[in-house]
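Chemist: A structural model of the following input is requested.
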Amino acid sequence: MTLRVGIICPYSLSVPGGVQMQVLGLARELRSRGIEARVLGPCDGPPPESFVTPLGNSLPASANGSIAPLAPDPPAMIRTLQALASERFDVIHLHEPMVPGPALTATVTHRYPTVGTFHAAGRSASYRLIKPLLQGWIKRIDHKVVVSKDALELVQSHLGGEYEVLFNGVEFDQIRETERIPTDPGAPPAIFFCGRHEERKGLDVLVQAFTQLEVDAELWIASTGPDTARLTARTTGDSRVRWLGRVTDEEKFARLRSAEVFCAPSLGGESFGVVLLEAMAAETTVVASGIDGYRNVVTDDVDALLCEPGDAAALCSTLDRALTNSALAARLRAAGRERAEQFAMSALADRYVEIYHDLVQSRSRTLRP
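Modeler: This is a model prediction of the structure:
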């Protein structure tokens, strides 16, 4: 019998984001194995994949120092209940199961075997404010997973319980097979940034560092956010800076393959640096802040170069090393590719499939009372 898995994402699947990429990438891998995986979540516009069931538009909400595209409204909750009732999945896989909207609705109401994956790190106001309710609801999850030790610290310190640590995965083969972007002969090397334009992502620091950089280079800046207008105005007249706006996963991978350096200058709030792994899979030199979430993935001077968060002068110096020391860059890229291979989405899917089958067999599809 074909296993039917419903994967629920609380964030809009039309908006680029780390959780959304994990959800869609896992679903693609599961479907390649003959598992009937469907993704349920908000969508602002057409669904990004044929296997996505849209649950309505999202609303911007403050979360973990960022603005998250959530759907906590009653219509989205009703659509979630209707989809669960009609699909009758064998297993429900909830990503961020305590986040208001489809994920929390499914956590509280459904009656089938459940996996819950927790991504967030740092601090959570909701975990503090409604802790007693969450402690009750989290018990409805049969197998709990965290994506990093930092995510484990956050959820376990507030809600308790036992969790399995399963790091995020990257679609290694898809990245490696992506064609590079054609560039003019003699064009300067590119530094690529891809992330929301907000304080915690450190783009302000990168722009400042780039203005101090004496090496001939371009800066490609993807995505958008509340700081876009201010930073765009700051770089007006600088032809070396290219503002790309939102990019598809395909263009992101192509730019990762084409750039000399991928820079992640985040100031904090990152539980796992999956984008660093994507850059390493693309064989791009990684320069990043030395925050805990990134140290889960890379090691300074082994497979990446790390510098002090928020220090524009240090970032400028580190970018200069990455761009001018070809032997260093080659060593980092080779080690980075080996590191990224350890986090292939196929390996992550292997473990999740084991969990799904174990839950189905142990529960024998018995409904909760």
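Chemist: any idea where the strands of the stretch 51-200 of the chain begin and end?
Modeler: With strands called from DSSP state E, counting those that start in this stretch, the stretch 51-200 of the chain shows them at 52-54, 59-63, 66-70, 91-95, 114-118, 143-146, 164-165, 190-194.
Chemist: deepest of those, which one?
Modeler: strand 91-95 (a mean of 27; mean count of other C-beta atoms under 10 Å). Yep, even glycine has a C-beta here, placed from its N, CA and C like the rest.
Chemist: can you give me the offset of that one from its chain's centre?
Modeler: Relative to the centre of its chain, strand 91-95 is centred 17 Å away, using C-alpha atoms, centre = their mean, to the nearest Å.
Chemist: same question for stretch 283-298.
Modeler: Remark: stretch 283-298 is offset 14 Å from the chain centroid, using C-alpha atoms, centre = their mean.
Chemist: now do the contacts for the residue nearest to the spatial centre of the chain.
Modeler: For the chain, the residue sitting closest to the mean C-alpha position, by C-alpha atoms, centre = their mean, is Gly18 at 1.5 Å. Neighbouring residues of Gly18 by C-beta atoms under 8 Å, 6 or more residues apart in numbering: His119, Asn168, Phe272, Val274, Val275.
Chemist: do Gln20 as well
Modeler: Cys9, Tyr11, Ser12, Leu13, Gly41 are the contacts of Gln20 under C-beta under 8 Å, 6+ apart.
Chemist: verify the stated contact: Asn11 with Ile67.
Modeler: In this structure residue 11 is Tyr, not Asn. No: using C-beta atoms under 8 Å, Tyr11 is not in contact with Ile67; the gap is 10.8 Å.
Chemist: all helices of the stretch 201-350 of the chain, in order?
Modeler: For the stretch 201-350 of the chain, applying DSSP state H, counting those that start in this stretch gives helices covering 203-212, 228-234, 249-258, 274-281, 292-295, 312-324, 326-341, 345-363.
Chemist: check the stretch 1-150 of the chain too.
Modeler: 18-32, 74-87, 102-109, 125-129, 131-137, 149-159.
Chemist: highest mean neighbour count out of those?
Modeler: helix 102-109 (a mean of 22).
Chemist: send me that one as PDB with only the CA atoms.
Modeler: Taking C-alpha atoms only, helix 102-109 is exported to PDB below (Å, rounded to 0.1, in the frame of the first residue of the first chain):
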ATOM      1  CA  PRO A 102      -2.500  25.400   9.700                       C
ATOM      2  CA  ALA A 103       0.200  23.700  11.700                       C
ATOM      3  CA  LEU A 104      -1.200  24.400  15.200                       C
ATOM      4  CA  THR A 105      -4.700  23.600  14.000                       C
ATOM      5  CA  ALA A 106      -3.600  20.200  12.800                       C
ATOM      6  CA  THR A 107      -1.700  19.600  16.000                       C
ATOM      7  CA  VAL A 108      -4.700  20.300  18.200                       C
ATOM      8  CA  THR A 109      -7.400  18.600  16.100                       C
END
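Chemist: okay, the angle between that helix and strand 91-95?
Modeler: Using axes from the mean of the first three to the mean of the last three C-alpha atoms, to 10 degrees, one finds that helix 102-109 and strand 91-95 are set 130 degrees apart in direction.
Chemist: residues in contact with helix 102-109?
Modeler: Contacts of helix 102-109 (C-beta under 8 Å, 6+ apart): 8-10, 40-42, 55, 71, 76-77, 79-81, 84, 92, 94-98, 114, 116, 137-138, 140-141.
Chemist: now do stretch 215-224
Modeler: Against stretch 215-224 from outside (C-beta under 8 Å, 6+ apart): 16, 187-197, 203, 206-207, 210, 231, 240-247, 251-252, 255, 259-260, 319-320, 323-324.
Chemist: give the rounded mean pLDDT of it.
Modeler: Averaged over stretch 215-224, pLDDT sits at 96.
Chemist: export the helices of the stretch 1-150 of the chain as a markdown table, with columns for distance to Phe343.
Modeler: Listed next are those as a markdown table, based on distance: least, C-beta to C-beta, whole Å:
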| stretch | distance to Phe343 |
| --- | --- |
| helix 18-32 | 11 |
| helix 74-87 | 30 |
| helix 102-109 | 24 |
| helix 125-129 | 27 |
| helix 131-137 | 29 |
| helix 149-159 | 15 |
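Chemist: what is the end-to-end distance of stretch 235-253?
Modeler: 25 Å (C-alpha to C-alpha, to the nearest Å).
Chemist: can you check stretch 96-103 too?
Modeler: For stretch 96-103, the end-to-end distance is 7 Å (C-alpha to C-alpha).
Chemist: now do stretch 307-315
Modeler: Its first and final residues considered, stretch 307-315 spans 6 Å by C-alpha to C-alpha.
Chemist: buried stuff in that stretch?
Modeler: Cys307, Pro309, Gly310, Asp311, Ala312, Ala314, Leu315 (16 or more other C-beta atoms under 10 Å).
Chemist: elements contacting the helix or strand bottoming out on mean pLDDT in the chain?
Modeler: Among the helices and strands of the chain, helix 125-129 carries the lowest confidence by mean pLDDT, DSSP states H and E, at a mean of 72. Using 3 or more C-beta pairs under 8 Å, 6 or more residues apart in numbering; DSSP states H and E, the elements in contact with helix 125-129 are helix 149-159.
Chemist: quick one: contacts of the helix it packs on?
Modeler: With C-beta under 8 Å, 6+ apart, helix 149-159 has contacts from 98, 118-124, 127-128, 131, 134-135, 138, 146, 161, 163, 165, 271-272, 292-293, 296.
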